[in-house]
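Colleague: Following is a predicted model, sequence given first.
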Amino acid sequence: MKGDLLIVVQTVTIRDRDRLGELAERSWRPFALLAACFGIWWALTEFEVVPRYLVPSPGATLQLIADKAGYITHHTLVTGYETVLGFVIAVVVGVAAAVLMVASAEVEKTLYPLLLFAQVVPKIAIAPLFVVWLGFGLTPRIVVAVLIAFFPVVISMVTGLKSVDPEMLQLASTMGASPAKTFVKIRFPASLPFLFSGLKVAVTLAVTGAVVGEFVGGNDGLGSIILQANGNLDTPMLFAGLLVMSLLGVVLFAAVEFAERLLLPWHASRRGDAVTVTY
Amino acid sequence: MTVTQQAPAVEIQKVAARFRSKKRDVLALENVSMDVRPGEFVSIVGPSGCGKSTLLKLVSGLLKPSAGAVRLLGGPVGGPRKDVGYVFQRAALLEWRTARRNILLQAEMRGMPQKEAAARAAELIEMTGLQGFEDALPHELSGGMQQRVALCRALLHRPPVLLMDEPFGALDALTREQMNVELHRIWHETSTTVLLVTHSIAEAVYLGNRVVVMTPRPGTIAEVIDVELPRRRNYAATMSQPAFASATSHIRDLLGAATHRE
C-alpha cells in the first residue's frame, strides 16, 4: 500500500515539473535535424552545386512565402478545408462501417472485399473520373480525400473493436448488460487507442488525397499552385507550395495527437510513467 | 448433518463439456455431479486443464454443458446469469476508469439506483481497505489492489453466489495470504455461497468447507473432502491444526496420484 502511494505522489511531481524545459528536451532533436536539412539545402544553392533555376535557395523560398502570403494562405485554406472535411467524413463513415462489420459477420463478409477493392484501385487513376462526374469544384477532391483516408480508419477500428478483453465481455454478460451498453461502456472506449493510430495515418493521407484531387481538376488549392508553378518552371513557388503542404500535414497530425492526449490520458502510450527521482 | 435440507444453491447434474474446433475435439469435463448448499464455501482444485474454469462458466451460464444440467438457486441455467458475481485471475479492469468507477460498472450495467450503488461501493471499499485509492486508475494500483477492486465489483450487487476463478493466482505469496484472510472475513460477513477455483491446496483448505479434487482431462471429481475445521478460522492457528495438515496432505496425495496415473 505504501508503494502504491509513493508511485502516485511521484507521478504528480513529474507532471508539475517545468513543462517548457521538458518540451525543449523532447523536441530539440527533430529541430536540429530540420535545421541541418535547411543547412544542406542552403549550402547546395549558395555554392551553386545545383543551378538556382532547379533548386531555389531556402531564403528565396521563404521570401516568396512572405511576399505572397495572402495568395498562399487562400490556397492553403482551400486544401485544408478539403482535407479536414474529407478526413471527418472518412472517420464517421469508417467508424460506422467498422461497427457494422464487427456486429455482423454477414456484413463483414459483404463489405470486406468491396473495401479491399476500393483500397487497391489507384485513387490517382480514378480521380479524373470524379471530376467528370462531379465537376471542377471542391467535391471531387473531398471524395478522393475520403476514399484515401477511409481504409486505415476502418482497419484500425475493426482491430480495436475485436481486441476487447474477452473476459471483460463475459463479465458484462454476467452483469446482464445489453449489447448497446456493452458497446458504449466497454467496446468503444477500449478501441479508441487503435482508432487513433489509424486516424494519424488517415489524416496525413487525407492531405495527399486533397492534393491529388486538385492536380486533376480545378484552379485553387496547393495542388493546383504546384501544378501551375511546374508548368511555368517557377521552382521557388513549387518549393513554397511543397513546404506549406508539408506544414499543413504536420499541423493536422499534431491536432490528432493533441486530441488523443486529451481523450486517452489513461493509455499506456500516453501516460508519463512514474520514474524514480534521484536527488 | 441437519435434518431440514435446504435447497442447494448450485446443482450440477452429470455434466459433460466437450469443445470442438476444426483441429481438435476436447472432452474437458465428464460426468461431474455435485451440490453446493447456500452459504457454503467450496474450493475446487485439480491439475491444469482439468476443466475447473469450465465448471464455473457452466454454473454462470457463460457456457452450455454438452450433457447434463446445471441449476442455480433452484432454476435451470439457460444463458448468462445475472445473480452471480465473477472474479477472474486477471482483474479485468477498464483502464480508463478509476477504482470506484470500475466497481460501479456493475451498477451501471444493471441499472441499479445511483445512490444505493454509491453507498454500497463505499461500504465495499472500506471492507477491502481500498480507501485512499478510490480515484486511482488501474495502472496506478498494485496487483493486489486491482484484485480487490475486481472483488468489490463482483460483490456490489450482493450476489447470492460468488464465482472465483484463480483470483489470487497472479499475486505474490504474502499478498495472497492477506487476500485469503480478507476473503474469509468477507465470506463470513456476507454469507455468500462461494465457488473458488485454485491451484493452492493451502488456500483451498483454509477457505473451503469442502474441497473438490478433480482428475486430469477429462475432468471428473476424484473426491470431495469435508474440511473438519470451524466455520470461523484464524489463519495462523488454522495452519497448525492437525485437521488442516491431514486435509492438505490427503489432497496432495490425491493430486499426485491423479497426475501420475497416466
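Modeller: Great, that's in hand. Residues are numbered from 1 along each chain as shown, chains lettered A, B, ... in the order given.
Colleague: quick one, helices of the chain?
Modeller: Chain wasn't specified; assuming chain A. All helices of chain A, identified by DSSP state H, fall at A:2-16, A:19-46, A:58-67, A:69-103, A:105-120, A:123-134, A:139-162, A:166-174, A:179-182, A:188-216, A:222-231, A:235-263.
Colleague: meant chain B actually
Modeller: B:52-60, B:99-110, B:114-127, B:143-155, B:173-190, B:201-207, B:235-239, B:242-260.
Colleague: any idea how far stretch A:115-129 is from the chain center?
Modeller: Taking CA atoms, centre = their mean, to the nearest Å, the mean C-alpha location of stretch A:115-129 is offset from the chain mean by 20 Å.
Colleague: Next: stretch A:219-239.
Modeller: 24 Å.
Colleague: What is the end-to-end distance of it?
Modeller: Length of stretch A:219-239, first residue to last, CA to CA, to the nearest Å: 18 Å.
Colleague: could you give me the average pLDDT of it?
Modeller: For stretch A:219-239, mean pLDDT rounds to 90.
Colleague: ok, back up a step: minimum distance to residue A:195: which of the helices of chain B has it?
Modeller: Shortest separation from residue A:195 across the helices of chain B is recorded for helix B:99-110, at 21.4 Å, computed as CB to CB. Quick note: C-beta positions are derived from backbone N, CA and C, even for glycine.
Colleague: mean pLDDT for the helices of chain A: which is lowest?
Modeller: Within those, confidence is poorest for helix A:2-16, with a mean of 47 (mean pLDDT).
Colleague: Please convert the helices of chain B to JSON lines, extending it with mean neighbour count, mean pLDDT and distance to chain A.
Modeller: Formatted as JSON lines, the helices of chain B follow (neighbours: other CB atoms under 10 Å in any protein chain shown; pLDDT from 0 to 100; distance: least, CB to the nearest CB, whole Å):
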{"stretch": "helix B:52-60", "mean neighbour count": "24", "mean pLDDT": "89", "distance to chain A": "6"}
{"stretch": "helix B:99-110", "mean neighbour count": "21", "mean pLDDT": "92", "distance to chain A": "4"}
{"stretch": "helix B:114-127", "mean neighbour count": "15", "mean pLDDT": "90", "distance to chain A": "12"}
{"stretch": "helix B:143-155", "mean neighbour count": "24", "mean pLDDT": "91", "distance to chain A": "6"}
{"stretch": "helix B:173-190", "mean neighbour count": "17", "mean pLDDT": "88", "distance to chain A": "10"}
{"stretch": "helix B:201-207", "mean neighbour count": "23", "mean pLDDT": "90", "distance to chain A": "21"}
{"stretch": "helix B:235-239", "mean neighbour count": "13", "mean pLDDT": "83", "distance to chain A": "19"}
{"stretch": "helix B:242-260", "mean neighbour count": "15", "mean pLDDT": "80", "distance to chain A": "26"}
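Colleague: Can you redo those as JSON lines, where the extra columns are distance to residue B:214?
Modeller: Rendered in JSON lines, the data for those read as follows (distance: least, CB to CB, whole Å):
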{"stretch": "helix B:52-60", "distance to residue B:214": "6"}
{"stretch": "helix B:99-110", "distance to residue B:214": "30"}
{"stretch": "helix B:114-127", "distance to residue B:214": "31"}
{"stretch": "helix B:143-155", "distance to residue B:214": "23"}
{"stretch": "helix B:173-190", "distance to residue B:214": "21"}
{"stretch": "helix B:201-207", "distance to residue B:214": "11"}
{"stretch": "helix B:235-239", "distance to residue B:214": "23"}
{"stretch": "helix B:242-260", "distance to residue B:214": "8"}
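Colleague: what's the closest of those helices to residue B:31?
Modeller: Nearest of the helices of chain B (CB to CB): helix B:52-60, 12.5 Å.
Colleague: what angle sits between that closest one and helix A:166-174?
Modeller: Per axes from the mean of the first three to the mean of the last three CA atoms, to 10 degrees, the angle that helix B:52-60 makes with helix A:166-174 is 20 degrees.
Colleague: Which strands and helices lie in contact with helix B:52-60?
Modeller: Helix B:52-60 sits against strand B:10-20, strand B:25-36, strand B:41-45, strand B:67-72, strand B:84-87, strand B:161-165, strand B:193-197, with contacts defined as 3 or more CB pairs under 8 Å, 6 or more residues apart in numbering or on different chains; DSSP states H and E.
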